[in-house]
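>>> for reference, the sequence and a predicted model appear below.
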Amino acid sequence: MGGLNTGKFFGEYRHSVDDKGRLTIPSHWRPEVDSEANNFLALASLTERSVTVYPPKMIEQLYERFSEISMGDTNGQRAIRRIMATAHNFSCDKQGRIHLTDKLMQHAGLKKSVVLLGEASKFVIYDESFYEQLTEGEVGVEDLAKIAKDFGF
């Protein structure tokens with residue numbers, strides 16, 4: 001199943017969470033079931049109601065960043081504790097589903113309908129109604145032109 005994923009996530013997809021907290025991942029985002037790439041980490045966002053899902057390459061980068069935070073940095077250590085308290089490590093099953101923990105679902109306010117948003121190196125899961133509110137009138141054409149210019153497009 002899958003095998004097309006190279007750790008790049010693009011697009012917006014709307015799916016449903018089943019009664020057991022399982023969510024189907026878009027087929028081209030899925031790694032082979034038995035591959036090393038089938039190892040994800042889900043974290044509750046600290047800045048909004050969402051869940052961010054990281055593939056193996058990004059997990060290693062997160063661990064490196066965490067290890068750079070000094071033991072004497074109390075704010076940094078608190079942030080790590082808060083982030084890791086809801087962390088969930090998982091793999092896709094043969095049907096391309098992942099399981100979301102109750103903690104993650106409660107944090108993000110996830111109900112039945114969700115939006116999976118690819119953000120290049122990771123993807124984010126939002127409750128559909130919250131995502132609609134979030135993106136309503138988000139960025140105007142002029143703002144997009146400025147952002148594109150800032151990125152050199």
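Yep, that arrived.
>>> check contacts around the residue lying closest to F10 once chain neighbours are set aside.
Closest residue in space to F10, ignoring its immediate chain neighbours: G118 at 4.3 Å, by Cβ to Cβ, 6 or more residues apart in numbering. In short, each C-beta sits where N, CA and C put it, glycine included. By Cβ atoms under 8 Å, 6 or more residues apart in numbering, the residues touching G118 are 8-12, 29.
>>> give me that answer again for 10 Å
By Cβ atoms under 10 Å, 6 or more residues apart in numbering, the contact set of G118 is 8-13, 26, 28-29, 124.
>>> what is the mean pLDDT for the helix or strand containing R82?
For R82, the host element (DSSP states H and E) is helix 74-85. Mean pLDDT, computed over helix 74-85, is 89.
>>> which other helices and strands contact the helix or strand following that helix?
On the C-terminal side of helix 74-85, the nearest following helix or strand under DSSP H and E is strand 88-90. Here strand 88-90 touches strand 40-44, strand 51-54, strand 97-99, going by 3 or more Cβ pairs under 10 Å, 6 or more residues apart in numbering; DSSP states H and E.
>>> would a markdown table of those with mean pLDDT and distance to A79 be doable?
Below are these laid out as a markdown table (pLDDT from 0 to 100; distance: least, Cβ to Cβ, whole Å):
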| stretch | mean pLDDT | distance to A79 |
| --- | --- | --- |
| strand 40-44 | 92 | 11 |
| strand 51-54 | 94 | 14 |
| strand 97-99 | 92 | 25 |
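>>> give me whichever of the ones you listed is most buried.
Of the helices and strands packed on strand 88-90, the one with the most neighbours on average (mean count of other Cβ atoms under 10 Å) is strand 51-54, at a mean of 23.
>>> contacts only, for the spatially most central residue of the chain.
Among the residues of the chain, the one closest to the centroid is T52, at 2.3 Å (Cα atoms, centre = their mean). Contact analysis of T52 by Cβ under 10 Å, 6+ apart lists 41-46, 58, 83, 104, 108, 117, 119, 122-125.
>>> sorry, back to before: tell me which two in the contacts of G118 are the farthest apart.
Farthest apart among the contacts of G118 by Cβ to Cβ are H28 and V124. That separation is 16.9 Å.
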